[in-house]
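>>> Sequence below, structure please.
(chains A, B, C and D)
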2 protein chains.
Amino acid sequence: MSEAKSAESRPYHHGDLRRALVDAARRLLEAEGPTALSLRAVAREAGVSPAAPYHHFKDKAELLDAVAQEGWDILSALMAEAKGTAVGPHQLTALGIAYVCFARDNPALYRVMYDAARDKEMLPDEVQDNKDSAYCMVRDTMIEHGANPDDEVHLELASVAAWCGAHGLAEMAGFKQFDHLKEALGGERQFLEAVLNHMGLFPNPQHRC
Amino acid sequence: MSEAKSAESRPYHHGDLRRALVDAARRLLEAEGPTALSLRAVAREAGVSPAAPYHHFKDKAELLDAVAQEGWDILSALMAEAKGTAVGPHQLTALGIAYVCFARDNPALYRVMYDAARDKEMLPDEVQDNKDSAYCMVRDTMIEHGANPDDEVHLELASVAAWCGAHGLAEMAGFKQFDHLKEALGGERQFLEAVLNHMGLFPNPQHRC
DNA sequence: AATGGCATCTGTACAGCGCTTAGATATGAA
DNA sequence: TTCATATCTAAGCGCTGTACAGATGCCATT
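I've put the predicted structure just below:
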């Protein structure tokens, strides 16, 4: 655990402590897990006093919100990239795989993202409202591959179902009970694809299985 | 917040403090939410000193495990009851609805259940191994309504997909973004059923939609 | 019936937590 | 150059989980 800057290089005023705190939080999160992520530990990691963060964040939750927001940004970017590498209806599968792989590779960050969302009982705008957001990406991809854009309710239902399915799988994929199933299917990637194919990710059923 | 017994009625030795602590924890959980569930608060609620719980639980996590286990027991019972009230393939939908409704009605308990599971990276035996467990109930119901019991991999895949889908929906159903969709569908119950129908709950596709 | 072992519970203590307040320090505008 | 203001530190409050020593009362043995 190294601080962001050496003691001599940091002036009394940090320069961009907000940024440094979020970075420190993500570093701690990856190294020590979510339970170790205390405000004091983040301040320590950033090399400042325990009270310093309060000049940049109202409280601990607001710091975690900033960390979570970065997570959503990264997830959106990864999904966009995954969509670009696939063609046709496989794009939807690619989105789902990218989503679940992100959760597998960043379990602590993923947890912080949804904890923050649950505490305010809503997903961040990044997921739901923005153009080019992850959720709209799912919707748009469904339209591109056969979903009826005029049937708003059905379209949104399909998007919600896909999102819920991917989230459920993302949270369960780490459980040890599924290890033997992963082996039977030839690996974790195959397991993830197989489960996703059993769910309502595709607007046109002939693409299942 | 009232203690379990009045001061005069409780002798120095409690009798069944373990039980009383789990009850107190569940009472606090329902009343104040998961963040208020400290070991000291539980001890306070049960009317004992902060150190008393350590004679019945190794640490806080072990107390929460006991609370979570009760949650799984209740969930299993509710699902069994729901299955009994439905006939044919609707039994699977009934299981899903019962699952999601339990999560909606006991959000704090549901959260404790999965937090405990995630911390040890596995679901409790109640879900996976036991006869009459919730997970086996899903498997068995699938077999009863058309799934091939000999194709073990496919059967388990379908069960996992169903469980993941229900869990994902359970966690997302509370988000405010879906309120307008609930209204459009005529209520929360309809929303839950509609989303479940879009997912892989049914082993035979003709029962979707 | 008396005794003593033992599980159970209390009291006290410690380090770490989130957060507040008061005061020190550096920056940038007047 | 001066000074308001933003940023940081130091100290402290009440809370937390957990450890330990000692008080208490149940139960089996005698």
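
>>> Contact residues of chain A facing chain B?
By the rule Cβ under 8 Å from any Cβ of the partner chain, the part of chain A lying against chain B is A:111, A:114, A:117-118, A:121-123, A:128, A:153, A:156-158, A:160-161, A:163-169, A:171-172, A:174-178, A:181, A:184-185, A:194-195, A:198-200, A:205, A:208. All C-beta atoms are positioned from the backbone trio N, CA, C, and that covers glycine.

>>> Could you turn the buried ones of those into a ChimeraX selection?
Here is the ChimeraX command that selects the buried residues among the residues of chain A next to chain B (16 or more other Cβ atoms under 10 Å in any protein chain shown):
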select /A:111,114,117,118,122,123,128,156,157,158,160,161,163,164,165,166,167,168,169,171,172,175,177,178,181,185,194,195,198,199,200
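
>>> Cross the residues of chain A next to chain B against helices and list the overlap.
A:111, A:114, A:117-118, A:128, A:153, A:156-158, A:160-161, A:163-169, A:171-172, A:181, A:184-185, A:194-195, A:198 (DSSP state H).

>>> Confirm for me that A:L29 is in contact with A:A108.
Yes. Assessed by Cβ atoms under 8 Å, A:L29 is found in contact with A:A108 at 4.5 Å.

>>> Now the common contact residues for those two.
Common contacts of A:L29 and A:A108, defined by Cβ atoms under 8 Å, 6 or more residues apart in numbering or on different chains, comprise A:L37.

>>> Now for chain A, the helix or strand with the poorest mean pLDDT.
helix A:125-128 (a mean of 85; mean pLDDT, DSSP states H and E).

>>> what packs against the following helix or strand past that helix?
Counting by DSSP states H and E, the next helix or strand C-terminal to helix A:125-128 is helix A:134-144. Secondary-structure packing of helix A:134-144 (3 or more Cβ pairs under 8 Å, 6 or more residues apart in numbering or on different chains; DSSP states H and E): helix A:60-85, helix A:90-105, helix A:125-128, helix A:152-172.

>>> so where's chain A uncertain?
Within chain A, the stretches with pLDDT under 70 are A:1-14, A:203-209.

>>> Could you break it into its assigned domains?
Following automatic domain parsing, one finds the domains of chain A at A:7-55, A:65-207.

>>> So which of those is the most surrounded?
Most buried of these, by mean neighbour count (mean count of other Cβ atoms under 10 Å in any protein chain shown): domain A:65-207, with a mean of 19.

>>> Show me how far that domain is from its chain's centre.
9 Å (Cα atoms, centre = their mean, to the nearest Å).

>>> rewinding a little: contacts made by the least confident helix or strand of chain A with the rest, please.
Counting by Cβ under 8 Å, 6+ apart, helix A:125-128 makes contact with A:69, A:72-73, A:76, A:133-135, B:177, all of which sit outside it.

>>> same check, this time on stretch A:84-94
With Cβ under 8 Å, 6+ apart, stretch A:84-94 has contacts from A:82-83, A:138, A:141-142, A:144-146, A:162, A:193, A:196-197, A:201-204, A:207.

>>> Stretch A:34-43 too?
A:21, A:24-25, A:28-29, A:32, A:49-53, A:60, A:63-64, A:108, A:111-112, A:115.

>>> Which ones, among these, also lie beside DNA strand C?
A:50-51, A:60 (Cβ under 7 Å from any atom of the strand).

>>> Dump the residues you listed to TSV, plus distance to B:A41.
Output for those, formatted as TSV (distance: Cβ to Cβ, whole Å):
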residue	distance to B:A41
A:P50	25
A:A51	27
A:K60	19
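
>>> returning to what we had before: of the contacts of helix A:125-128, which is the nearest to A:L17?
Nearest to A:L17 among the contacts of helix A:125-128: A:Q69, at 17.3 Å, using Cβ to Cβ.

>>> hang on, isn't that closest one packed against A:P124?
Yes. If you go by Cβ under 8 Å, A:Q69 and A:P124 touch, sitting 6.3 Å apart.

>>> send the alpha carbons of stretch A:131-151 over as PDB?
Provided in PDB are the C-alpha atoms of stretch A:131-151 (Å, rounded to 0.1, in the frame of the first residue of the first chain):
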ATOM      1  CA  LYS A 131     -27.700   8.600 -24.700                       C
ATOM      2  CA  ASP A 132     -24.900   6.100 -25.100                       C
ATOM      3  CA  SER A 133     -25.600   4.700 -21.600                       C
ATOM      4  CA  ALA A 134     -25.300   1.000 -20.900                       C
ATOM      5  CA  TYR A 135     -29.000   0.500 -20.600                       C
ATOM      6  CA  CYS A 136     -29.900   2.400 -23.800                       C
ATOM      7  CA  MET A 137     -27.200   0.400 -25.500                       C
ATOM      8  CA  VAL A 138     -29.100  -2.800 -24.600                       C
ATOM      9  CA  ARG A 139     -32.400  -1.300 -25.800                       C
ATOM     10  CA  ASP A 140     -30.900   0.000 -29.100                       C
ATOM     11  CA  THR A 141     -29.200  -3.300 -29.800                       C
ATOM     12  CA  MET A 142     -32.500  -5.100 -29.300                       C
ATOM     13  CA  ILE A 143     -34.200  -2.700 -31.800                       C
ATOM     14  CA  GLU A 144     -31.300  -3.200 -34.300                       C
ATOM     15  CA  HIS A 145     -31.900  -7.000 -34.200                       C
ATOM     16  CA  GLY A 146     -35.600  -7.300 -34.500                       C
ATOM     17  CA  ALA A 147     -37.400  -5.900 -31.500                       C
ATOM     18  CA  ASN A 148     -40.400  -3.600 -32.400                       C
ATOM     19  CA  PRO A 149     -39.400  -0.100 -31.400                       C
ATOM     20  CA  ASP A 150     -43.000   1.000 -31.300                       C
ATOM     21  CA  ASP A 151     -44.100  -1.500 -28.600                       C
END
